[in-house]
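A.B. asks: build me a model:
(2 chains)
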2 protein chains.
Amino acid sequence: MLVIWYLSPEVRARPVTNTPNFKTAEALLPVVAQDATSGQVLMLAYMNRAAWEQTLASGEAVYFSRSRNRLWKKGEQSGHVQRVKEIYLDCDEDTILLKVEQVGGAACHEGYQSCFFRQWDAGELHVVGTRVFDPKQVYGSSTSSQEKSP
Amino acid sequence: MLVIWYLSPEVRARPVTNTPNFKTAEALLPVVAQDATSGQVLMLAYMNRAAWEQTLASGEAVYFSRSRNRLWKKGEQSGHVQRVKEIYLDCDEDTILLKVEQVGGAACHEGYQSCFFRQWDAGELHVVGTRVFDPKQVYGSSTSSQEKSP
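C.D. replies: Okay, the predicted model is just below:
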């Protein structure tokens, strides 16, 4: 315990967990996925502790899908996985930022590079993103029941 | 109603709300704030419908602070407001992306440009961000009870 006296006051003031602050095994934390090269924000998803551990173990993003109610490896159907290049935690350790290489060039199940492909402007939504693939060709006719967003 | 027949099948398939999908007045949606110039992800916060409307009306980011349990204009104490340059909604319309000009150069109450100032690496957290200000000088001695993160 003596080592604690050699830590700075700032470090002593907060518990150093070195892991996101999952208060329970079921707790979900938001995860921002950002393209490691372009800096484009690709999507927001959620992780529980198991998703975090599987992401670390595999080096590819695994989320907890609230709509599927299960762990969801991004790209498990499409092959458009996210290779994790860097991981950051925020000051509260309750949000995760992943810098990723997006295989296939599109994070969004609608075929766009980013899920944020529509810009809001005075009450109108304008599509500003570039479509990389046709969802029907990647997922078949029923996209909504298959590769949907988190 | 006739106009609906002139919309593409894709547009007809989903309700166009032109606003984030706040299911209730109390519902909170995650908001990613990104530096409009550098592309750096600054922080993640939350908005309810009132925060969204105040953000639109003022042109500066207003969030709902879960710790304060009230609307929270970012920078209300420090002056480090976020001027909103662009707004994007994701494919589900349940996450908001703001591209902002961060007044003062630091979004984090700990004085760093970004709340994601620590990189996770094999179980260690390394401070990689640049500290722009000393929180004690901006907020006084009790940072945790004043300008804390969302």
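A.B. asks: quick check, pLDDT for the nearest residue to A:Glu60 once chain neighbours are set aside.
C.D. replies: Once flanking residues are discounted, A:Glu60 sits nearest to A:Val81: 4.7 Å by Cβ to Cβ, 6 or more residues apart in numbering or on different chains. Backbone N, C-alpha and C define where each C-beta goes, glycine included. If you check A:Val81, the pLDDT there is 98.
A.B. asks: I figured A:Thr19 hits A:Trp52, correct?
C.D. replies: Yes - at 7.4 Å, A:Thr19 counts as touching A:Trp52 under the criterion of Cβ atoms under 8 Å.
A.B. asks: give me the more crowded residue out of these two.
C.D. replies: Each of A:Thr19 and A:Trp52 has its neighbours counted (other Cβ atoms under 10 Å in any protein chain shown); A:Trp52 has more, 20 against 15.
A.B. asks: so the more buried one sits in a strand?
C.D. replies: No - using DSSP: H, G, I helix; E, B strand; the rest coil, the assignment for A:Trp52 is helix, not a strand.
A.B. asks: give me the pLDDT for it.
C.D. replies: A:Trp52 is given a pLDDT of 97.
A.B. asks: tell me who's in contact with the residue nearest to it when sequence neighbours are not counted.
C.D. replies: Distances taken as Cβ to Cβ, 6+ apart put A:Pro20 closest to A:Trp52, at 6.1 Å, once the chain neighbours are dropped. Applying Cβ atoms under 8 Å, 6 or more residues apart in numbering or on different chains, we find A:Pro20 in contact with A:29, A:47, A:52, A:89, A:93-94, A:96.
A.B. asks: swap in 6 Å and give it another go.
C.D. replies: A:29, A:89, A:93, A:96 (Cβ atoms under 6 Å, 6 or more residues apart in numbering or on different chains).
A.B. asks: show me where chain A has helices.
C.D. replies: Taking DSSP state H as the test, the helices found in chain A are A:9-12, A:49-58, A:135-139.
A.B. asks: is it possible to export these to TSV including distance to A:Trp120?
C.D. replies: Below are the helices of chain A laid out as TSV (distance: least, Cβ to Cβ, whole Å):
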stretch	distance to A:Trp120
helix A:9-12	39
helix A:49-58	30
helix A:135-139	22
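A.B. asks: and those helices: which comes nearest B:Ala61?
C.D. replies: For these, proximity to B:Ala61 was assessed by Cβ to Cβ; helix A:9-12 is nearest, at 26.9 Å.
A.B. asks: give the rounded mean pLDDT of that closest one.
C.D. replies: Helix A:9-12 shows a mean pLDDT of 46.
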